[in-house]
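Visitor: please find the sequence and the predicted model below.
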Amino acid sequence: MQITGTIDESAEQAERKSRWIWSGMIVGLLSLQIFCCMIAFFLATTSTSMAVIPDYHQKALNWDETRNEQQTSELLGWKKSIDVSEPIDVYGNRTVTVWLNDSTSAPVSADHVSLKAYRHANAAQLISIPLEEIAPGTYQAQAEIMKAGLWQFELQANRESDSYVESFTLDIATR
């Protein structure tokens, strides 16, 4: 026994319509996935907050030399104190003051003192801060430290043949 039937016009239209809807959903979801990937790629490649610490690879290659500098600095016995003021103008400048004392707590009059700073959330923006001696062992400068957060500082001070280096982290808050 053989059953044959015909499909009426409305059933055929409904079948065509459902094919378009389901095909369109598949293409739409795939297009949405491609669009989301393009946005993620754009954000990953253009954001400065995803930067690597400046000269990190070179520091890793010269690790032994860097460690020797740190040990030599520790042997000097110098101690540092630092103060970063609240913003002093509308541009976000702050006064950075560094006090350096030797192992006998006497002020250190260095030939050259400088800081390098970057915010942990944006390592690509490295700020160089040359400090000027305003009193024996007291060094000061204005720096563009506009945003609050964790900041990494690298202090370097030279006096005759002595070289002092120290890297430290400060939590800069908005007051």
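Guide: Yes, it's here.

Visitor: from residue 128, how far off is the nearest residue to residue 95 once chain neighbours are set aside?
Guide: Take residue 95 and drop its neighbours on the chain: the residue closest to it by C-beta to C-beta, 6 or more residues apart in numbering is residue 85, 4.2 Å away. Glycine gets a C-beta too; all of them are placed from N, C-alpha and C. Look at residue 85 and residue 128: by C-beta to C-beta, to the nearest Å, they are 19 Å apart.

Visitor: so between these two, which is more surrounded?
Guide: Shown here are residue 85 and residue 128; by other C-beta atoms under 10 Å, residue 85 has more neighbours (15 against 11).

Visitor: did I read that right, residue 146 in a helix?
Guide: No. Residue 146: not assigned to a helix; according to DSSP: H, G, I helix; E, B strand; the rest coil it is coil.

Visitor: quick one, phi/psi of it?
Guide: phi -80, psi -30 (degrees, to the nearest 10).

Visitor: burial count for it?
Guide: 15.

Visitor: which residue is the nearest non-sequential neighbour of it?
Guide: In space, residue 146 is closest to residue 92, 3.1 Å off (C-beta to C-beta, 6+ apart).

Visitor: residue 93 now?
Guide: Nearest to residue 93 is residue 142, by C-beta to C-beta, 6+ apart, at 4.9 Å.

Visitor: wait, that neighbour sits on residue 94?
Guide: Yes. Checked against C-beta atoms under 8 Å, the pair residue 142 and residue 94 is within contact range at 7.3 Å.
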